[in-house]
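**Student:** Next come a sequence and a model predicted from it.
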Amino acid sequence: MSLLSSKTGGTRPSQRFVASSDQPVIGLLAGSGRFPILFAEAAKRQGYRVACVGIRYEAPEVLAEICDSFQYVGVTKLGGMIRTFKRQGAKQIVMAGKVTKNVMYTPMRVVRLWPDFRMFQMWYGRLRTDKRDDSILLGVIAEFEKDGMTYASALDYCPELLVNKGILTRRKPTETEWNDVVFGWDLAKEMGRLDVGQSVAVKEKAAIAIEAIEGTDRCIERAGTLCRAGGWTLVKVAKPQQDMRFDVPTIGISTIENLHKAGAKVLAIEANKTIVIDQPDVVALADRYGLTIVAVEPSEVAA
């Protein structure tokens, strides 16, 4: 999940936040999707007060009802994010949810994404020569650390979202499809090592589409366009250097819908390092569409 968006905005007044001596505070930097909602609910069940900063136009509005405090902040307002968390008493922060990155290359981006001074310093200082996802997110974390805040993995609070090894669906991959999984695995891992993307579409041991800045859904759409015959395989893995505090590979209902629409037949994901949102619903939908979902461990592919 990258901390750049196609939309920006200012802030919305936060709910009143009253620190409690007997309840620890956890900060949530929220993007889009259900992941930040599931994290907030899990943290609340565990007795935390959740102070949420939502990326404007990305974070779900329902977080305002779940969290103890909530405030929208524009995606390029890094200083605003830090100040908001400090006012809310959050010392430990987690990132959850997706925020797109392609706005970096739209016309008039400086006007549309006018950064505050803290973001400007990081963007044209620390990131002057390298704007890959990991570099951006590690830069954000470093700025928070300057103000005494640390980042943790959201999965420390809801590890049940990580998928276990095995074939999740009724349909199993054929031998040909499994060969494509093995072939695509090495490609996806290499793309991850280079911090380009995490997904590769494969058919008959040929790479059809490779995810980059556009994200998994657009990669799926492109693969469907390029392979009109269908029956292809998507392999989605964690990076070899995966930092579980951010950018953890995630699938959900929309992933299955897009795969079905694009003519895919198999989705291979990495066991214990991939988040499956609403797994029972995801598996049920895949079964209805005749799709295979298999969660693979690296040792299986190497063998």
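**Tutor:** Received it, and whenever you're ready, just let me know what you need.

**Student:** Let me know whether Gln242 touches Asn272 as I believe.
**Tutor:** No - counting by Cβ atoms under 8 Å, no contact exists between Gln242 and Asn272, whose distance comes to 11.0 Å. C-betas here are computed from N, CA, C, even on glycine.

**Student:** Please say which of the two ends up with more neighbours.
**Tutor:** Comparing Gln242 with Asn272 by other Cβ atoms under 10 Å, the one with more neighbours is Gln242, at 17 against 13.

**Student:** separation between that one and Val25?
**Tutor:** When Cβ to Cβ, to the nearest Å is the yardstick, Gln242 and Val25 sit 27 Å from each other.

**Student:** Kindly report the same for Thr176.
**Tutor:** Taken as Cβ to Cβ, the span from Thr176 to Val25 is 52 Å.

**Student:** With neighbour numbers in mind, choose between those two.
**Tutor:** When Thr176 and Val25 are compared on other Cβ under 10 Å, the one with more neighbours turns out to be Val25, at 20 against 13.

**Student:** So in terms of bridging, what pairs with that one?
**Tutor:** Note on Val25: beta-bridge partners Arg49, judged by DSSP bridges.

**Student:** Would you mind listing the residues in contact with the nearest residue to Val202 once chain neighbours are set aside?
**Tutor:** Residue nearest to Val202 in three dimensions, not counting chain neighbours: Gly184, with 3.9 Å by Cβ to Cβ, 6 or more residues apart in numbering. For Gly184, the set of contacting residues under the criterion of Cβ atoms under 8 Å, 6 or more residues apart in numbering consists of 200-202, 207, 233-235, 268.

**Student:** Report the next helix or strand after whatever helix or strand Gly184 lives in in sequence order.
**Tutor:** Taking DSSP states H and E as the criterion, Gly184 maps to helix 175-193. Along the chain past helix 175-193, the next helix or strand (assigned with DSSP H and E) turns out to be strand 199-203.

**Student:** for that next one, packing partners?
**Tutor:** With contacts defined as 3 or more Cβ pairs under 8 Å, 6 or more residues apart in numbering; DSSP states H and E, strand 199-203 has these neighbours: helix 175-193, strand 206-210, helix 216-226, strand 232-236.

**Student:** Flag the shaky bits of this structure, pLDDT-wise.
**Tutor:** Counting by pLDDT under 70, the chain contains low-confidence ranges at 1-21, 101-113, 127-128, 131, 303.

**Student:** That one - how does it break down into domains?
**Tutor:** Each structural domain of the chain that the record assigns through automatic domain parsing is listed here as a residue range: 25-156, 162-302.

**Student:** Endpoints of the first one, how far apart?
**Tutor:** So the one you mean is domain 25-156. Length of domain 25-156, first residue to last, Cα to Cα, to the nearest Å: 15 Å.

**Student:** Determine how far it lies from the middle of the whole chain.
**Tutor:** Distance of domain 25-156 from its chain centroid, counting by Cα atoms, centre = their mean, to the nearest Å, is 12 Å.

**Student:** now do the longest one
**Tutor:** In terms of Cα atoms, centre = their mean, the centre of domain 162-302 is found 14 Å from the chain centre.

**Student:** Wait, a strand at Ala268?
**Tutor:** Yes - secondary structure of Ala268, determined by DSSP: H, G, I helix; E, B strand; the rest coil: located in a strand.

**Student:** Next up, the contacts around it.
**Tutor:** 173, 181, 184-185, 233-236, 294-296.

**Student:** who's in contact with Ser32?
**Tutor:** 55, 58-60, 97-99.

**Student:** So what sits opposite it in the bridge?
**Tutor:** In this structure, Ser32 has beta-bridge partners Lys98, where bridges are defined by DSSP bridges.

**Student:** With Lys203 instead?
**Tutor:** Partner residues in beta bridges with Lys203: Ala206, with DSSP bridges as the criterion.

**Student:** Excluding chain neighbours, give the residue nearest to Ala229 in space.
**Tutor:** Distances taken as Cβ to Cβ, 6+ apart put Gly263 closest to Ala229, at 7.4 Å, once the chain neighbours are dropped.
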